[in-house]
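1. curious how this folds, go ahead:
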Amino acid sequence: MRKTTELKRLIHDRELLVMPGAYDALSASLAAEAGFKAIQASGANLVACHYGVPDYSLVSAREMAEHTGRIARAVAVPVMGDADTGFGNAVNAYLAVREFERAGAAGINIEDQVIPKRCGHLEGKTLLDFDEAVAKVEAACDAREDKDFVINARTDALSVAGLDEVVRRGNAFLKVGATMVFVEGVDSVEVIEAAAKRIDGPVAINMVEGGKTPKGLTFSKLQEIGVARVSLPSTAMQAQIQALRTVFERVRAADGIEGYEELLCGFGVAQRLLGRDEIFALEDKYMARLVGGAG
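-> The predicted structure follows:
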């Protein structure tokens, strides 16, 4: 089954699809190893970890697609890319979809903010005009060469114009071909319930530790409400920052490389995760007889 088809199937399945955010091939491999069925390439985390800049429309469509492609090639599960605002107007959005498809993504997020965009859990966002936002999503949908390539149409209207505008935009996005509607910045269970009930197709949200996500919200509750997909865009990067801060402090205090082993996975574990055993097996198959013959 194509990864696009698999991702679309998972979205329409009755079970909530939980997609952790990944920012590189290694973080994606760890998410897949943990048993997650699909992965979100987190745009904010990707630009933070590879470029050291905030989520402020500073990275191009081609760069984002290339990074997403590396993530997608590293895992067997579907990976959804982050196309931000489409990197420009509707024509840019059309061309961006082609870039992400060629890179191997199974779908993309595309949103209705004005460039430069802001993280969905921050204030100060500005929305595109309704008609322009719909046209951009329509262009993204029309650009698909694979009919199952997922267009996750995100709206940031909740904090700017309220729930009615979220529903208006979400249903318009679905009418022009979007696979799913991503309601960003949800801050209460009641909002999630209303969006899931009033939007005529699959609804996605995200959950951000320290963001607007309601306290005590669980995956079980989201499934009960009828949410199709939830992403965890910030979890991996927040964990990485905390883990590296901790271990680097211990390294400085250790006067060597001993005394903080419990914070490390172990050299062999890392090598196996990266595919060392497969490389050694290929060497044994193709190189061993050459080495033996040389004697």
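
2. chain center to whichever strand or helix holds Arg252, what's the gap?
-> Assigned by DSSP states H and E, Arg252 falls within helix 235-254. Remark: helix 235-254 is offset 23 Å from the chain centroid, using CA atoms, centre = their mean, to the nearest Å.

3. which SS class is Ile257?
-> coil (DSSP: H, G, I helix; E, B strand; the rest coil).

4. and the helices in the stretch 101-250 of the chain?
-> With DSSP state H, counting those that start in this stretch, the ranges of helices along the stretch 101-250 of the chain come out as 130-143, 158-161, 163-175, 189-198, 219-225, 235-254.

5. would you format these as CSV with distance to Ala32, mean pLDDT and mean neighbour count included?
-> All C-beta atoms are positioned from the backbone trio N, CA, C, and that covers glycine. Formatted as CSV, the helices of the stretch 101-250 of the chain follow (distance: least, CB to CB, whole Å; pLDDT from 0 to 100; neighbours: other CB atoms under 10 Å):
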stretch, distance to Ala32, mean pLDDT, mean neighbour count
helix 130-143, 26, 98, 20
helix 158-161, 31, 94, 18
helix 163-175, 29, 98, 20
helix 189-198, 27, 98, 17
helix 219-225, 18, 98, 15
helix 235-254, 12, 97, 13
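
6. look up phi and psi at Leu17.
-> When read as degrees, to the nearest 10, the backbone of Leu17 gives phi -90, psi 120.

7. go on, the one 5 residues further on?
-> Summarising the backbone geometry of Ala22 under the convention degrees, to the nearest 10, its torsions are phi -130, psi 150.

8. Leu26 now?
-> According to degrees, to the nearest 10, Leu26 has phi -70, psi -50.

9. distance of it from Cys265?
-> Remark: distance between Leu26 and Cys265 (CB to CB, to the nearest Å) = 11 Å.

10. for the two, indicate the residue with more neighbours.
-> Leu26 (16 against 10; other CB atoms under 10 Å).

11. contacting residues for that one?
-> Leu26 is in contact with Ala74, Leu273, Leu274, counting by CB atoms under 8 Å, 6 or more residues apart in numbering.

12. could you turn the buried ones of these into a PyMOL selection?
-> Filtering those down to the buried ones (16 or more other CB atoms under 10 Å) takes a single PyMOL command:
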select buried, resi 74
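
13. Leu158: which of the contacts of Leu26 is nearest?
-> Nearest to Leu158, judged by CB to CB, of these is Ala74 at 33.5 Å.
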